[in-house]
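A.B. asks: sequence and predicted structure are below.
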Amino acid sequence: MGWNRIIRLTLVCGCMVMGLLLGWLSPSEEEKQEPSAYRFRILVKNRMTPVKNQGSESNCWIYAMLATIETEHLMRGDSVHLSVAYAMRCLMEENYRLTYLSGGKRQVSCRGMGITLVHLMERWGMYPYDAYRGGSSPVGKVVQHKMLHLAEMAYRHNRGLQACQKEMDRILNKAYGPLPPRVYMYGAEYTPGEFARSVCYPGEYEGFTSFTHHPYGLRFPIEVADNWENNSLMNVPIDTLLERVRKAVSRGHGVCWEGDISEPGFSFGRGLAVWPKGIAVTTGHRQQQFECHQTTDDHCMAIVGIAQDQHGTNYFILKNSWGTDNPFGGLMMMSEDYFRMKTIAVFLSKEALKTENSHG
């Protein structure tokens with residue numbers, strides 16, 4: 001899910017053809033200086049770790065899902081801050097393995113979904129942020145290219161999966177730093193796997209989506225490019241999805257949001273994601289935009305709160321990963337109508353769902 005430059009050519013769906021060219025690298029000076037017509041009252045603000053900056057990496061899904069897990073624990077009173085660099089390192093090693101074992105037919109990119117991060121943790125474990133911060137320069141695409149080249153060379157010469165392990169470790173250590181042998185937290189010693197299970201047990205997070213080309217109440221593998229693991233999500237009506245997220249956030253739970261940010265109403269410089277007045281917000285219109293490729297899996301953020309503007313319109317507060325240079329210190333205010341129209345998927349803990357069910 002990259003954000004540095006989005007170029008969209010939508011398909012003809014019998015009703016509209018539209019070309020959009022939108023750059024989200026950084027807000028213009030004019031945009032940053034423009035006074036906002038919005039005034040917000042914070043209704044809910046959950047705890048979170050500091051806002052980070054993914055730079056030119058296509059790994060917002062890692063930042064967002066880790067932020068979701070961090071908020072979940074911080075609201076319970078636990079101090080949890082997790083390593084993006086370690087997740088990237090694990091992803092790069094999976095690039096190598098999958099490319100080799102598929103004979104070069106399957107190549108994993110740096111992109112993914114929130115649930116992809118959860119599965120990486122289940123397979124590889126996790127380190128705290130302070131124990132493994134990685135480098136300050138974006139290296140994902142370079143390392144990915146090296147991993148794919150290494151795997152293809154090993155496969156062509158039939159050298160075996162472990163033949164390039166030393167060279168792979170050398171590349172990963174140079175890019176992200178050598179791995180600490182163990183995880184140390186509060187006087188206790190863990191393996192990366194043990195530490196990961198202490199902050200996110202297997203199967204803890206549930207994925208939801210809302211589209212009408214599959215029946216509600218059933219799971220299906222969402223048809224977006226970033227779902228290379230072919231994960232199935234529960235399909236529910238969009239208002240059910242919105243209410244589920246609203247209740248979870250109101251009760252202190254972390255929620256990971258994935259969706260489309262290529263609309264003119266999305267502006268990092270103003271910290272806003274608003275749906276234009278007068279344009280239909282319906283299930284049919286939402287489905288039409290997905291089928292016409294006007295709603296795609298562009299970006300991923302963590303929902304950390306709820307706000308209301310001066311007109312009584314409700315917004316979700318989202319923690320972005322593009323740095324802090326906007327009016328809300330890097331946070332975004334997303335209107336509920338924008339959420340309804342542009343959400344691809346959300347991920348939240350089963351604990352949040354238990355809380356919801358216990359309150360009817």
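C.D. replies: Perfect, I can see it now.
A.B. asks: mind giving me the packing neighbours of the lengthiest strand in the chain?
C.D. replies: Across the chain, the longest stretch assigned as strand under DSSP state E is strand 299-309. Applying 3 or more Cβ pairs under 8 Å, 6 or more residues apart in numbering; DSSP states H and E, one finds that strand 299-309 contacts strand 40-45, helix 60-74, helix 238-250, strand 255-259, strand 314-319, strand 331-335. Every residue, glycine included, has its C-beta placed from N, CA and C.
A.B. asks: next, the buried residues of it.
C.D. replies: Across strand 299-309, burial judged by 16 or more other Cβ atoms under 10 Å covers His299, Cys300, Met301, Ala302, Ile303, Val304, Gly305, Ile306, Ala307, Asp309.
A.B. asks: from those, which is closest to Phe195?
C.D. replies: Ala302 (20.4 Å; Cβ to Cβ).
A.B. asks: measure the closest one to Arg170 for me?
C.D. replies: Using Cβ to Cβ, to the nearest Å, one gets 34 Å for the distance from Ala302 to Arg170.
A.B. asks: please apply the same query to Glu194.
C.D. replies: Distance from Glu194 to Arg170, by Cβ to Cβ: 27 Å.
A.B. asks: who has more neighbours out of those two?
C.D. replies: Glu194 (14 against 11; other Cβ atoms under 10 Å).
A.B. asks: of all the helices and strands packed on strand 299-309, which lies closest to Ala154?
C.D. replies: Taking these one by one with Cβ to Cβ, helix 60-74 is closest: 26.3 Å.
A.B. asks: that closest one to strand 299-309, inter-axis angle?
C.D. replies: Counting by axes from the mean of the first three to the mean of the last three Cα atoms, to 10 degrees, helix 60-74 lies at 50 degrees to strand 299-309.
A.B. asks: quick one: helix 60-74 to strand 314-319, angle?
C.D. replies: Using the same axes, to 10 degrees, helix 60-74 lies at 100 degrees relative to strand 314-319.
A.B. asks: so what secondary structure elements neighbour helix 60-74?
C.D. replies: For helix 60-74, the packing partners by 3+ Cβ pairs under 8 Å, 6+ apart are helix 84-101, helix 114-124, strand 255-259, strand 299-309, strand 314-319, strand 343-349.
A.B. asks: buried sites along it?
C.D. replies: 60-74.
A.B. asks: do the same with stretch 216-236
C.D. replies: Quick answer for stretch 216-236 (16+ other Cβ under 10 Å): Ile222, Val224, Asp226, Asn227, Trp228, Asn231, Ser232, Leu233, Met234, Asn235, Val236.
A.B. asks: pick out the most distant pair among those.
C.D. replies: Checking the buried residues of stretch 216-236 with Cβ to Cβ, the most distant pair is Trp228 and Val236, at 23.6 Å.
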